[in-house]
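Participant: give me the fold of what follows.
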Amino acid sequence: MVRVADVAPLLGVEEGAAELVPVELWFGKDDKLLRRLRVTGVLAPGDTAESVRTVELSAFGEPVEITAPTAS
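Facilitator: Numbering: from 1, shown residues only. Here you go, the predicted model:
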């Protein structure tokens, strides 16, 4: 279990009603890098105890180009 206040900013959500949520972490067997993060429970307003957020991590060390969206 982790504090919602610690994990909510990583997932881009505002804190919900729960104080603690279960988190599962997957690490690479050989490189020990974090590969997947799964958080279950109330992280943001409107979530339920069954809400699940999964983050997949890959392409470590590869360059990333980020382009700002155009104004509409």
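Participant: where does the protein have its least confident helix or strand?
Facilitator: Confidence across the helices and strands of the chain bottoms out at helix 4-11, with a mean of 85, counting by mean pLDDT, DSSP states H and E.
Participant: after that one, next one along is what?
Facilitator: Counting by DSSP states H and E, the next helix or strand C-terminal to helix 4-11 is strand 20-21.
Participant: give the other helices and strands that that next one contacts.
Facilitator: Packing contacts for strand 20-21, counted by 3 or more Cβ pairs under 8 Å, 6 or more residues apart in numbering; DSSP states H and E, involve strand 2-3, helix 4-11. Bear in mind the C-beta positions are built from the backbone N, C-alpha and C, glycine included.
Participant: right, and these - which one's nearest residue 49?
Facilitator: helix 4-11 (12.9 Å; Cβ to Cβ).
Participant: distance of the most centrally placed residue in the chain from residue 64?
Facilitator: Residue closest to the mean C-alpha point of the chain, counted by Cα atoms, centre = their mean, is residue 11 at 4.1 Å. Residue 11 sits 19 Å away from residue 64, going by Cβ to Cβ, to the nearest Å.
Participant: so what does the least confident helix or strand of the chain touch, helix or strand wise?
Facilitator: Applying 3+ Cβ pairs under 8 Å, 6+ apart, one finds that helix 4-11 contacts strand 20-21, strand 34-40, strand 52-56.
Participant: give me the buried positions along the longest one.
Facilitator: Along strand 34-40, these residues count as buried under the neighbour rule (16 or more other Cβ atoms under 10 Å): 35, 37, 39-40.
Participant: and if you look at the last one?
Facilitator: By neighbour count on 16+ other Cβ under 10 Å, the buried set for strand 52-56 is residue 53.
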